[in-house]
Structure formats: structure tokens, C-alpha cells
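S.K.: Next comes the sequence, and after it the predicted model I'd like to discuss.
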Amino acid sequence: MNLPTPTFFLQTEKNQQALSMLTEWNWMSHARDWLPENWQGWWDAIQSIPGLAPLLLVGIGWLFAILTQWLVSRSLGSLTRHTRTQVDDKIIAILKRPIFSSVFLFFAALASKSLNMPDSAEQIVLKILLSLVILIWTGAAFGLLHILLETLSRYRHKYRIITRKTLPLFELVGKIIVVAVSAYALMLVWGINPTAWLASAGIIGMAVGFAAKDSLANLFGGIFVIADAPYKVGDFVQLGSGERGMVTQIGLRSTRILSRDDIEITVPNAIMANSKIINENGGRWEKERIRAKVGVAYGSDVDQVCEVLLDIAHHTDGICESPEPRVRMRGFGESSLDFELLGWISEPVLRGRILHSLYMNIYKRFGAEGIEIPYAKRDIYIKEMPTTPGIPTMANTTIDSHKP
């Protein structure tokens with residue numbers, strides 16, 4: 001039974017046939033026919049001197065490469081002269097080197113044909129020159145990819161997924177694709193069958209996937225964190241487990257958080273992507289509202305309490321004037337009237353210090369104003385004590401138990 005030949009084999013065979021035809025074609029014998037009759041004598045004289053024709057071709061190639069580079073740059077520059085951005089100028093600058101190298105290496109390949117080397121040596125030289133062209137264009141593709149992604153990241157209203165934070169991720173994926181295409185082209189040049197390599201890569205990928213399941217989960221979690229951007233470096237976050245600190249680094253495997261005790265916490269991205277995160281720097285601005293809870297005794301002048309608390313907020317360093325601080329009565333407690341002083345701070349990192357200042361000022365000011373801060377009281381009534389010889393009987397005695 002005749003099985004169909006895979007497409008990869010056909011492509012490899014076609015590329016090898018094309019490479020062999022290019023190597024076996026004796027262009028030197030036809031070059032004389034292309035020249036005018038008065039130049040053919042000069043050509044015969046050049047060929048009679050060993051090594052002169054290759055050097056002449058290399059020199060002509062160098063001049064022709066410079067001319068081609070200048071013409072392409074001039075033509076593209078005239079088209080992009082009236083643009084407002086510098087992106088097109090960067091693209092032209094990147095394309096200069098591969099254009100020059102491609103033209104020069106083409107003439108270098110022609111020069112190698114004039115050396116009358118053995119066929120095997122000619123094929124190796126030609127493959128090396130083609131490989132150099134592929135590698136040079138691969139480097140240019142890296143530069144073009146970076147410029148393209150950097151330009152797209154500036155238009156956040158159109159391309160929201162490509163931002164400054166996700167730029168390294170997309171650049172990494174793009175470079176992997178460019179390297180894969182270049183490797184495939186190099187395999188075709190050197191006559192290597194890509195099918196076996198692809199099959200081996202698939203088997204290795206399955207084995208690595210099962211062995212590094214947790215690592216892959218963290219890797220994809222990092223991709224989702226970078227793409228979704230629930231937080232960024234410098235934000236103060238609080239995890240569902242209670243840890244709170246500033247994000248110092250977001251990697252593909254883990255996120256690092258520096259706590260207020262200067263302890264670095266490393267959290268795998270798989271956990272960060274699947275847990276509740278409170279971003280204190282999120283929202284419409286960086287400001288954060290803090291709450292200072294305080295209770296006053298029943299019978300206190302509630303209007304005076306509100307005025308005193310507002311005055312304390314206005315005279316405490318770190319409390320923003322816009323939005324203005326405010327006081328709210330929250331309810332009737334067991335032994336106090338419950339109030340909250342609400343104020344805005346400029347950065348979440350200042351919360352602990354400013355709350356300390358507020359509570360200190362509230363305690364001092366309430367003492368000066370005669371506003372009582374109550375504490376829990378319990379009255380115990382003993383109706384009858386058991387009679388014990390030698391101990392006097394106590395009845396209807398009240399004992400106050402104070403619980404601060």
C-alpha cells in the first residue's frame with residue numbers, strides 16, 4: 001500500500017532540489033554572454049588571474065549593497081518624512097543592516113561560485129551564507145517586534161491588553177515565534193527533517209507538563225496576573241490570608257510583597273490568581289479613607305463630640321482637606337454612644353502612623369473637654385450569703401466589677 005508523503009517531507013525535498021540547482025548552476029559560463037562585446041575581453045582577462053574575480057565580485061557586492069541600502073532608505077524616508085512619530089524612522093534604521101547584508105552575501109555567494117570549489121564545499125558555503133541571512137533577519141525581527149509592541153502599548157484606549165506591564169510578556173511570546181520560524185528555516189536550509197523534531201518536542205512537552213504541573217500553574221497564573229493587572233509594583237495589597245504589604249516584584253512564577261515589618265513574602269502566582277486581593281491603591285485615586293472609632297458616655301453632648309472630632313481631624317498632620325473629614329454616629333452601644341471619625345490620607349503606607357496620631361489627639365482632647373470615654377461596667381447583687389461560722393453575713397451587698 002502506497003502511503004501519501006507528508007507535506008514536511010515534500011517541502012524539504014523541494015528546498016534541497018532548489019538548493020542543489022542554485023549550487024550546480026555555473027553562472028560564470030553565462031556571465032560572459034551578458035556583457036557587451038567590448039567588455040568580454042576584460043572579463044576573460046579577469047578570469048585568467050586566479051582569485052581576482054571573487055575579490056572583484058565582493059567589492060562590487062559591497063558597493064551595490066551600499067547603493068541598495070541608500071536607495072531603500074531614501075525612498076522610505078521620503079514617504080515617512082511628514083509623519084509626526086519617530087516609529088517609521090526607527091523601522092528604517094533597523095532595516096538598513098539586513099538589506100545591506102542580504103545584498104552583500106548574495107554577491108559573496110556568487111564569488112564563492114567563481115572559486116571552482118568541489119560541489120560539497122560549495123553547498124556548505126552556500127548554506128552558511130543563507131544561515132547568516134536568516135540570523136540577521138531574525139535579529140531585525142526582534143527589533144521590529146519591540147517597536148511594534150511599544151507603539152501599541154501607547155494606545156491604551158484601542159489596545160487595552162497591551163500595556164507597559166504586559167509588554168514583556170507579549171515580547172517574549174513574539175520572540176519565541178520568531179525563533180521557531182527561524183529554526184524551521186535553518187532546518188530546511190541544512191536539510192534537516194522538522195517532522196521528527198516536532199514529534200520529539202510534543203512528547204517532551206507532555207512529559208514536562210505532567211512533571212512540572214505546579215510550575216506551569218504558577219506560570220499561567222503569572223500570565224493572567226500580568227494581563228488582568230489587578231495590582232502593580234508599588235501597590236499596597238492585602239491578601240485573603242491577612243498578609244498586607246507593598247508589591248515589590250511581579251514575576252512569571254511568583255509575586256513578592258514587602259510587609260510593614262520589612263519581611264519579604266513570596267506568593268506563587270497560582271494563589272494570587274485564584275484568591276481575593278484587596279488593592280489599597282486601586283480605585284479612582286491613590287487616596288485611602290481611614291476610620292477612627294471612639295465611644296462617649298451616655299448623656300454627652302453629641303454636637304460637641306462631632307465638633308471636637310472634626311477639629312481634631314483638621315489639626316492632625318496627614319489628613320487630607322479634600323475630601324473633607326467627616327464624623328458619623330454609628331449606633332448605641334452597651335455602655336457608649338458609638339462614633340466614627342472618617343478622614344482621607346494621601347497614601348496607604350501612612351495609615352498606621354496617622355491612626356496613631358488621631359487616637360492620641362482624641363484621648364488628650366476629650367480629657368481636656370471633659371468628654372468621658374466609658375468602659376464596661378457590671379453590677380453584681382448578692383441577695384444572701386451562705387452562713388459560715390466566724391464569717392459575718394452580707395445581704396443586699398453591691399460589688400462593682402469594672403472591665404476596662
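M.R.: Here it is on my side, so go on.
S.K.: in the stretch 1-150 of the chain, which spans are strands?
M.R.: Applying DSSP state E, counting those that start in this stretch to the stretch 1-150 of the chain gives no strands.
S.K.: Okay, helices next: where are they in the stretch 151-300 of the chain?
M.R.: 167-189, 194-211, 213-228, 269-273 (DSSP state H, counting those that start in this stretch).
S.K.: Okay, now the unreliable bits of the stretch 51-200 of the chain?
M.R.: In the predicted model of the stretch 51-200 of the chain, residues 51, 53, 82, 114, 156-166 satisfy pLDDT under 70.
S.K.: The same query, at a cut-off of 90, please.
M.R.: Regions of the stretch 51-200 of the chain meeting the criterion pLDDT under 90 cover residues 51-61, 64-65, 68-97, 99, 101-127, 129-130, 145-177, 179-180, 183-200.
S.K.: quick one on the thing from earlier: mind checking which of the helices of the stretch 151-300 of the chain is nearest E243?
M.R.: Across these, E243 has its closest neighbour in helix 269-273 (10.9 Å, Cβ to Cβ). Every C-beta, even on glycine, is put in place using the N, C-alpha and C of the backbone.
S.K.: contacts for that closest one?
M.R.: 214, 217-222, 224-225, 251-255 (Cβ atoms under 8 Å, 6 or more residues apart in numbering).
S.K.: For it, give the mean pLDDT please.
M.R.: Throughout helix 269-273, pLDDT has a mean value of 86.
S.K.: Repeat that for stretch 363-375.
M.R.: 93.
S.K.: tell me how far the ends of it are from each other?
M.R.: One end of stretch 363-375 sits 14 Å from the other (Cα to Cα, to the nearest Å).
S.K.: Highest mean neighbour count out of the helices of the stretch 151-300 of the chain?
M.R.: Ranked by mean neighbour count, the helices of the stretch 151-300 of the chain are led by helix 269-273 with a mean of 21 (mean count of other Cβ atoms under 10 Å).
S.K.: before we move on, back to that, how about the helices of the stretch 151-300 of the chain in TSV, adding distance to D261?
M.R.: Below are these laid out as TSV (distance: least, Cβ to Cβ, whole Å):
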stretch	distance to D261
helix 167-189	30
helix 194-211	37
helix 213-228	24
helix 269-273	20
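S.K.: Tell me which of these lies nearest to N361.
M.R.: Checking the helices of the stretch 151-300 of the chain against N361 by Cβ to Cβ gives helix 269-273 as the closest, at 38.1 Å.
S.K.: quick one: which of the contacts of helix 269-273 is nearest I319?
M.R.: Closest approach between the contacts of helix 269-273 and I319, by Cβ to Cβ: T255, at 31.5 Å.
S.K.: wait, doesn't the closest one sit right on V247?
M.R.: Yes. Using Cβ atoms under 8 Å, T255 is in contact with V247, at 6.4 Å.
S.K.: ok, those two, which is more surrounded?
M.R.: Shown here are T255 and V247; by other Cβ atoms under 10 Å, T255 has more neighbours (26 against 21).
S.K.: does that one have beta-bridge partners, and which?
M.R.: With DSSP bridges as the criterion, T255 is bridged to I250, V267.
S.K.: give the contact list for it.
M.R.: Residues near T255 by Cβ under 8 Å, 6+ apart: V225, V247, Q249, T266, V267, N269, M272.
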